[in-house]
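Enquirer: Pasting a predicted model and its sequence here:
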Amino acid sequence: MMNRVFNLMLVQRQIHNLALIGFMGTGKSSVGRMVADTLHFTFLDTDHVIEARAGKTIREIFAQQGEDVFRDLERRIVEELTRRKRTVISTGGGLPINEANLASLKTHALVVCLWASPEKIFERVHNHSHRPLLNEPEPLEKIRRLLAERGPYYRQADVLVNTELRPLREVAGQVIHQFRLAQTVHR
Ligand code: S3P
C-alpha cells in the first residue's frame, strides 16, 4: 500500500475523479453509486453511456456488431473522461485490458480495483443474462480463465479492495477512505 501511495506522489497526477475497475459482479456500480452519493460527485457508468449512445443493450451490440465495436466505443468514452471533474466512474470489466484506457484514467482519477474470487463472482452473476461474455455452458470456467488473464491488468490499479468478506456499504467506506488519503498525499 505504501508503494502505491508513494507512486502517486512521484508521478504528477491530477486526482479529480475516482474510477472503479474490476471483474463483472464485483459491485462496481453499486459501490460507485454509494461513493458518489457520499462525496456529492456525479456517477457515470461506461456501460450505460455506451447503451444510451448506441440505443442498444450491450448484449445487442455484442450480438449485432461484435466485441471489437464495443471495445472501440469504450475507448472513445475513456478519452472523453479526461475532461471530467468530481465524477465517480464505474467501468466495464474488460475496459482496463486496453492499457491505454488504464493509463488515461490514471491521469485524472484514483483507480480502485474491486476484487472477488471466481466462485464469489459466479454466485453473484449466475442469475443474470445481460453479460454476453458469461452466456456460456460453463460460466464458472470462463470466469476463472478471464480472471486469470485479466489479473495482471487489474493489479495495476492504485488500490485493490477485496469485496468478498464485507458488505458493499463497507467496501464503499474503504474506497472513500482511500480517495481522501490520495487527495491529502497529493496536495
Ligand atoms: C464486460 C463487462 C461488462 C460489460 C460487457 C463486457 C467484460 O460490464 O462491459 O458485458 O468484458 O468483462 P460489467 O463489468 O459492469 O458487468
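Expert: It's in.
Enquirer: got the contact list for Ser104?
Expert: With contacts defined as Cβ atoms under 8 Å, 6 or more residues apart in numbering, Ser104 is in contact with Val78, Glu79, Leu81, Thr82. In short, each C-beta sits where N, CA and C put it, glycine included.
Enquirer: Now Tyr153. Nearest residue, chain neighbours left out?
Expert: The shortest distance from Tyr153 to any residue other than its chain neighbours is 4.9 Å, reached at Pro96 (Cβ to Cβ, 6 or more residues apart in numbering).
Enquirer: Please apply the same query to Gln14.
Expert: Excluding its sequence neighbours, the residue lying closest to Gln14 (Cβ to Cβ, 6+ apart) is His108, at 5.6 Å.
Enquirer: Can you work out which other helices and strands pack against the helix or strand that contains Thr184?
Expert: With secondary structure defined by DSSP states H and E, Thr184 is part of helix 168-186. Contacts defined by 3 or more Cβ pairs under 8 Å, 6 or more residues apart in numbering; DSSP states H and E place helix 168-186 against helix 2-10, strand 17-22, helix 28-39, strand 109-115, strand 159-162.
Enquirer: Return the most buried member of the ones you listed.
Expert: strand 17-22 (a mean of 27; mean count of other Cβ atoms under 10 Å).
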